[in-house]
Each structure stands twice: as structure tokens, then as C-alpha cells.
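*Asks:* Next one to model:
(one chain, ligands or ions: 1)
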Amino acid sequence: MKLFKAVAAIATVTALTLCATSAALARTLDEIRQDGKIVIATEGQFAPFNFFNGSTLTGFEMDVAELVVKKMGLTIEWKALGFDALLTGLRQGRWDLVIASHGISEERAKAVTFTAPHYCSGGMIIALDPAIKSAKDLAGKVVAVQTGTSYLENVQKVAAIKEVKNFPTDNDARSALNSRRVDAWVTDRFVAKAVAEKNPGAGFQLGDMLFIEQIAAAVSKGNGSLAAAWNKALAEVMADGSYAAVSKKYFHEDIRCH
Ligand code: ARG
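*Replies:* I've put the predicted structure just below:
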């Protein structure tokens, strides 16, 4: 919990510092309001947070965004892209907001402005061998993670790991474990739980959490008007029971930060 507070404090300070220098390419809240629709980018390969059901983009984050944006009096134009393209495109003004389970980090907060978090979670170790549960069990092992994620960053800090293998999507990292090309996979704890529940025969063993993080949407660096409107609407859906209903639908529990 202390870590959550520290991260939140850093994010707040960063957001305040950047408010003064709104990026030239980003649309302001007024411009978005005139248009009536906000352009939101996500990945769509990270169930149950953002994924495709056939050709329909769906997931917890899509539902939360729909609730929030409705409160803002806008509609959403969705875009789905590779995880790596999301924050870059935001900086180029190609969309107004990104929601793709990004953990708030000091490094990312240099490039974008984070909104208030929409859930709290962390990176979990998953293996097929029940003996691989904790960080120390990763010594001498090959670990799969999605490129560009906080999992990569945190796994790299674990001492004595043999190799960290990067994959373009989290699904690819999971497949690598499934086919025993790696010894372990590190992903979000709720992603891990969902995968284990859906594939009871696959032998996925949920291990320890490696680290915890606050997950938030991001807007262009310094786009304070948009972040403030999003935060206000998010607080409203968190207060009126609609966030809780969506969270229970996907996770059977309320996953907001406490
Ligand atoms: N929470 C992790 C991070 O901050 C992973 C996010 C992965 N998101 C996705 N849509 N694949 O990097």
C-alpha cells in the first residue's frame, strides 16, 4: 500500500508539472467536445481487460471507458493497435487517450500524463512446474513476458534469471509457457487467474506477485483539461455502483485501488 501511495504521489507531481505545457498536437477537452467523440486507442490482446470477441473489441477497460465517456457526454471512436504503438501515437496526437492496462511508472510519466487509476494489480509468476512460485525460484530459468511492459522491467531486476524472452503480445508469452519453450510467464494477476480458470486442464500454477502497480489511462503529456474531465467522470462511475457492477461481471470482485 505504501508503494501505491508513493507511485500516486510521483504521478501527481509529474501531472502538475506538465499541465503548464500542453502538447501542441493533442486535442483539448473543448475541441473533443465540439467533435462529440473521443478517439481512444487500446491493444485488444489482453483479456479480460481488452480483447476481441470475434471482431468485437470488448473487455473490462472497454466497459469502464464507455461508462466514463458517457458521463462526459461524449461517444468513443475505438482504435486497436500493437501495444508498442499506443503511447507513441498518443504523443503524435493520433488519438486522445489510451486505455490498455498501463501501470503508472515514473519513466512513462515523463512521456504521457496518467489519469487516476481504474484498477490496482501487479505482475504474477505463472509456471507449469509447481516448484516455480517465487522470485528466487526463477534463478536459472527462462521467463516469458510481453515486450514493453512493466513485467519485462521487473523481471529483469530478478537476480540470477537465465533469460528473459520477449513476445509481441501477452498471448504469445502465454503460448510459450504452454508449449514449454519457457519455464515461467509473468503477467497481470487477473489475466493469470482468468487463464487458469478457463484452462483447468492446462496445469497453469499461479505463483507469487513480483510487484504491484496502479493501472491508469493516459492522455497526451500535459493535457490537463482532458485528464481532469476523465478523472471526474471516473470518480462518478466509481461512486454510483456502475464501476462495481462491471468489475464484478469480469472478476467477481471490485478491483479498484484502495
Ligand atoms: N500492466 C503492464 C504494464 O504496465 C502490462 C500492460 C499490458 N497491456 C496490454 N494491453 N497488453 O506494462
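*Asks:* mind checking how far the closest residue to Asp35 other than its chain neighbours is from Arg33?
*Replies:* Spatial nearest neighbour of Asp35, excluding adjacent residues (CB to CB, 6 or more residues apart in numbering): Arg27 at 7.7 Å. C-beta coordinates here come from the backbone N, C-alpha and C atoms, glycine included. Taking CB to CB, to the nearest Å as the measure, Arg27 and Arg33 are separated by 10 Å.
*Asks:* Specify which residue of the two has the higher count of neighbours.
*Replies:* Between Arg27 and Arg33, counted using other CB atoms under 10 Å, Arg27 has the larger neighbour count: 20 against 16.
*Asks:* State the mean pLDDT of stretch 199-209.
*Replies:* Mean per-residue pLDDT for stretch 199-209: 96.
*Asks:* Of all the residues in that stretch, which ones are buried?
*Replies:* By 16 or more other CB atoms under 10 Å, the buried positions in stretch 199-209 come out as Phe204, Gln205, Gly207, Met209.
*Asks:* residues in the chain within reach of the ligand, list them.
*Replies:* Residues of the chain that fall close to the ligand, judged by CB under 6 Å from any ligand atom: 43, 45-46, 50, 83, 100-103, 146, 149-150, 170, 188, 215.
*Asks:* And those, which of them are buried?
*Replies:* Buried residues within the residues of the chain next to the ligand, defined by neighbour count using 16+ other CB under 10 Å: 43, 45-46, 50, 83, 100-103, 146, 149-150, 170, 188, 215.
*Asks:* Next step: those restricted to helices.
*Replies:* Phe83, Ser150, Asp170 (DSSP state H).
*Asks:* okay, these in TSV with pLDDT and distance to His258 next?
*Replies:* Conversion of those to TSV gives the following (pLDDT from 0 to 100; distance: CB to CB, whole Å):
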residue	pLDDT	distance to His258
Phe83	98	27
Ser150	98	20
Asp170	98	25
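*Asks:* Pick the one among those closest to the ligand.
*Replies:* Nearest to the ligand, judged by CB to the nearest ligand atom, of those is Ser150 at 3.8 Å.
*Asks:* so the closest one touches Ile104, yeah?
*Replies:* No. Assessed by CB atoms under 8 Å, Ser150 is found out of contact with Ile104, at 9.4 Å.
*Asks:* overlap in contacts of those two?
*Replies:* In terms of CB atoms under 8 Å, 6 or more residues apart in numbering, Ser150 and Ile104 are both contacted by the residues Glu213.
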